[in-house]
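Student: sharing a model that was predicted from the sequence below.
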Amino acid sequence: MKLLFSCLSRSWGGMEMYTLTSLLALKNNEIEVDLLCYPDSKLHLEAIKNSVNVVTIKAKSYFHPLQINKVKNTIHKNHYDIVHTHASKDLWILVPALSYIKKRIPLALTKHVGSFIVKKDFLHRWIYSRVDLIFAISGIIKKNLLDTCPVNERTISILYDGIDTERFKRSDSTSSSVRNEFNISENEIVIGMTGRFSPGKGQLDFLSCAEVLNKKFNNLKFLIVGEASFSEDDYASEVLLKGKFIHNVIFTGFRSDIPDVLAAMDIFVFPSHAEAFGMALVEAMSMELPSVATRSDGVLDIIDDQHDGLFFENKNNIDLADKISLLITDQGLRLRLGKAARGKVLSKFELKKVTELLINYYSNIIN
């Protein structure tokens, strides 16, 4: 089986990261996968580091006759069994390119991000009529697809993003290294969040909550992991400025050792306002961290409230502080939620299982 993955985004967030994760998981299953991506994007550079065969085109908007021809020639030359895009915008390149090839090659789309624009005009109906298989990464994304795109529900399957549970596995030896790096003592409780600095991810809410909690407790450290991505520097500056005035907030910047950083935490917070899925949350749960997450959107597919995590009301910093306070004062609750969280990830979001499902979908559509 030979595939062409596509993701022409220049950002570096959940969609782009998971495109590479899924591609490498398929390669580990001895499936040949090439990647169509934007030149010198973070995805391009990371793919090169991982010895992925890449094809690059510069396509910022929708109409690119020369790039369509290049993609058509690439598909024709390499005899792909399936073309699978992880960015719906790429369909405007892929569908015209495939229309010039006599052999009908199945086209799959993974929808990672919802849309607020209804796209059911003639051109969108033509584009989406060529898509054979659509994966929605959560129930909210499936609903959004049906509400905004000219698609048949029978073509949509929910396929959650998967995680390498062996990489994201708690070990006592890893927790001390990061705590030592930032001079965090054993008796301090570390409350953290990870993710790129982007409006809606909730870093400002997290900092407001830290101010509330500091009035109740004197043994806390707050860890904010991540950096700004493409065109998000203004928001990052606002977050960093606010954090300067809170004495026990630590900004780690970008980290490649996320499992080690998570191991240093006692409580994980996921304050995103509207998340399609929530891979950062799943990573924390895999590390047996008790989590407090927004009760909305894709998070509803991940957490069962009070069983493997706690919900708080979206954008309600007082409710967030109250839920975190429960975990600060109850170590037994932290342990119980953390164990259940790891079990949930193993049963529902394990990368090997998700990849096996994906391969089955490919096999069925080829046959």
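Tutor: Arrived safely, thanks for sending. Residues are numbered from 1 along each chain as shown.

Student: F349 reaches V282, doesn't it?
Tutor: Yes: using Cβ atoms under 8 Å, F349 is in contact with V282, at 5.2 Å. Any C-beta I mention is one placed from the backbone N, CA and C, and that applies to glycine too.

Student: who has more neighbours, those two?
Tutor: Set side by side, F349 and V282 show more neighbours around V282, with 25 against 22, by other Cβ atoms under 10 Å.

Student: determine the longest helix present in this structure.
Tutor: Counting by DSSP state H, the longest helix found in the chain is helix 331-348.

Student: which of the three states applies to the nearest residue to V52 once chain neighbours are set aside?
Tutor: Closest residue to V52 apart from its sequence neighbours, by Cβ to Cβ, 6 or more residues apart in numbering: L35 at 5.3 Å. Three-state call for L35 (DSSP: H, G, I helix; E, B strand; the rest coil): strand.

Student: what does V151 give?
Tutor: V151 ends up coil, using three-state DSSP.

Student: next SSE downstream of the longest helix of the chain?
Tutor: Sequence-wise, the next helix or strand downstream of helix 331-348 (DSSP states H and E) is helix 351-366.

Student: give me the helices and strands touching that following helix, please.
Tutor: Judged by 3 or more Cβ pairs under 8 Å, 6 or more residues apart in numbering; DSSP states H and E, helix 351-366 is in contact with helix 14-28, strand 82-85, strand 107-111, strand 133-136.

Student: tabulate the ones you listed (CSV), appending mean neighbour count and mean pLDDT.
Tutor: As requested, those are exported to CSV (neighbours: other Cβ atoms under 10 Å; pLDDT from 0 to 100):
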stretch, mean neighbour count, mean pLDDT
helix 14-28, 20, 96
strand 82-85, 24, 98
strand 107-111, 24, 98
strand 133-136, 23, 98
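
Student: show me where the stretch 201-350 of the chain dips below the pLDDT cut-off.
Tutor: 230 (pLDDT under 70).

Student: hang on, the earlier thing: what sits against the residue nearest to V52?
Tutor: Shown in contact with L35 (Cβ atoms under 8 Å, 6 or more residues apart in numbering): 4-7, 19-20, 23, 43, 47, 52-55.

Student: can you give me the helices in the chain?
Tutor: 14-28, 42-49, 65-78, 91-99, 122-129, 139-148, 172-181, 203-214, 233-243, 258-263, 279-286, 317-329, 331-348, 351-366.

Student: now the ones you listed in CSV, with distance to G309?
Tutor: Output for these, formatted as CSV (distance: least, Cβ to Cβ, whole Å):
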stretch, distance to G309
helix 14-28, 19
helix 42-49, 30
helix 65-78, 42
helix 91-99, 35
helix 122-129, 35
helix 139-148, 17
helix 172-181, 20
helix 203-214, 16
helix 233-243, 24
helix 258-263, 14
helix 279-286, 7
helix 317-329, 10
helix 331-348, 6
helix 351-366, 20
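
Student: buried deepest among these, which one?
Tutor: With neighbours defined as mean count of other Cβ atoms under 10 Å, the helices of the chain peak in mean count at helix 279-286, which reaches a mean of 27.

Student: wait, L4 touches I31, no?
Tutor: No: look at L4 against I31 with Cβ under 8 Å: they stay out of range, at 11.8 Å.

Student: between the two, point out the one with more neighbours.
Tutor: For the pair L4 and I31, the greater number of neighbours falls to L4 (24 against 18), based on other Cβ under 10 Å.

Student: check contacts around the more buried one.
Tutor: V33, D34, L35, L36, V55, T74, I75, N78, Y80, I82, V83, H84.

Student: distance of the fifth one relative to C7?
Tutor: Right, the one you point to is V55. 12 Å (Cβ to Cβ, to the nearest Å).

Student: quick check: neighbours shared by the two?
Tutor: Counting by Cβ under 8 Å, 6+ apart, the residues touching both V55 and C7 are L35, L36, C37.

Student: separation between the closest residue to E46 other than its chain neighbours and S231?
Tutor: Leaving aside its sequence neighbours, E46 sits nearest to L20 (Cβ to Cβ, 6+ apart; 5.7 Å). Remark: distance between L20 and S231 (Cβ to Cβ) = 21 Å.

Student: go on, L3?
Tutor: Relative to S231, L3 is positioned 30 Å away (Cβ to Cβ).

Student: the more surrounded of these two?
Tutor: Comparing L3 with S231 by other Cβ under 10 Å, the one with more neighbours is L3, at 22 against 10.

Student: how close does the nearest residue to the more buried one once chain neighbours are set aside sit to I163?
Tutor: In space, and not counting its chain neighbours, L3 is closest to V33: 4.6 Å by Cβ to Cβ, 6+ apart. According to Cβ to Cβ, V33 and I163 sit 19 Å apart.
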